[in-house]
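Undergrad: Sequence first, then the predicted structure:
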Amino acid sequence: MSSIDCESSAAKADVSVVRASVSFASEQLILVDSDDREIGYRSKSEAHAGAGILHRAFSAFLFDDQGRLLVHRRSLQKPLWPGFWTNSCCSHPRRGESLESAVSRRITEELGVNAQTQFVYKFEYHAKFEDVGSEHELCHVFLARTATPGKISAHAEEVMEWQWLSVEEVDAWLLERPDDLTPWFRQEWLSLRTLYRAELDAFVNEVRNSTQRGAA
C-alpha cells in the first residue's frame, strides 16, 4: 500500500524520544483463569516464557479528531514480535492496578498523550513467537481518543515509528499484508470490524462530531 509506505518516513522523524524505561521484565503481572478471575502473580518475563501463562492484558485503539487510528511499529528491543506493526497501545495492568488506570498510564507513558477510553470486549488468545516466548492473554480491548492537543511523543524503547490511518486503510493493510502485523492486532481489528462494528462506528462518529461541534 503506497499510502502506508510513503507516510512512514515522515512518522519516523517524530519517534526518537528517549525517556526513562516504562517496561520491566521483573514487573508483576496478574495471572487469571479463563473467566478472568485473579489466581496469582508472575513477573513479565515468566509470564511470557515458553508457552506462556494466562495473564490479564489490554489493547487500545487510539483515534484522532479525524477518526484515524494510530498504528505503530514495535521497537526492535521488544522480545516478542519486534519490528511488527500493531495497534496504538498494548500492555498489562500490574499487580494491584485496575485496567482503567493501566490503560491511561500506558498510553501516556508510551505515546506521550492523555486519552479518554471506552471498554468494548475481552477475549483469550495464545500466540507463540519463534522460540523466544508466547503471548497467552485474557485481553481487554479499549477504544480511545486523544484528550490533549499536540503531537504524539512516542517512547523510543517501545515504538520505532507510527502513523495515523483511516479505517479503510487499516482494512486494506490487513487484507494485503497481514504478515506485517501482530497476531493480536489482526484478530482484534477483525472483531471490531465485524462483531463490534456498531460500537466502533459509533465511537468514531462521536469523535468526528465532537470535533465539528467544538469548531462551530
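TA: Great, that's in hand. Numbering: from 1, shown residues only.

Undergrad: I'd guessed residue 30 sits against residue 98; true?
TA: No - no contact is recorded between residue 30 and residue 98 when judged using C-beta atoms under 8 Å, the distance being 10.4 Å. C-beta coordinates here come from the backbone N, C-alpha and C atoms, glycine included.

Undergrad: where in this structure is pLDDT low?
TA: Per-residue confidence of the chain (counting by pLDDT under 70) places the weak regions at 1-19, 22, 148-150, 211-216.

Undergrad: how close does residue 131 sit to residue 51?
TA: Using C-beta to C-beta, to the nearest Å, one gets 11 Å for the distance from residue 131 to residue 51.

Undergrad: wait, residue 76
TA: If you go by C-beta to C-beta, the gap between residue 76 and residue 51 works out to 24 Å.

Undergrad: what does stretch 194-201 rub up against?
TA: Judged by C-beta atoms under 8 Å, 6 or more residues apart in numbering, the contacts made with stretch 194-201 from elsewhere in the structure are 120, 121, 143, 167, 192, 193.

Undergrad: show me where the chain has strands.
TA: Counting by DSSP state E, the chain has strands at residues 28-32, 38-43, 55-63, 69-74, 85-86, 89-91, 115-129, 133-146, 159-165.

Undergrad: and residue 77, how many neighbours does it have?
TA: The number of residues packed around residue 77, counting by other C-beta atoms under 10 Å, is 12.

Undergrad: actually residue 50, not the one I typed
TA: Each residue near residue 50 was counted by other C-beta under 10 Å, and the total is 12.

Undergrad: got it, and residue 39?
TA: 11.
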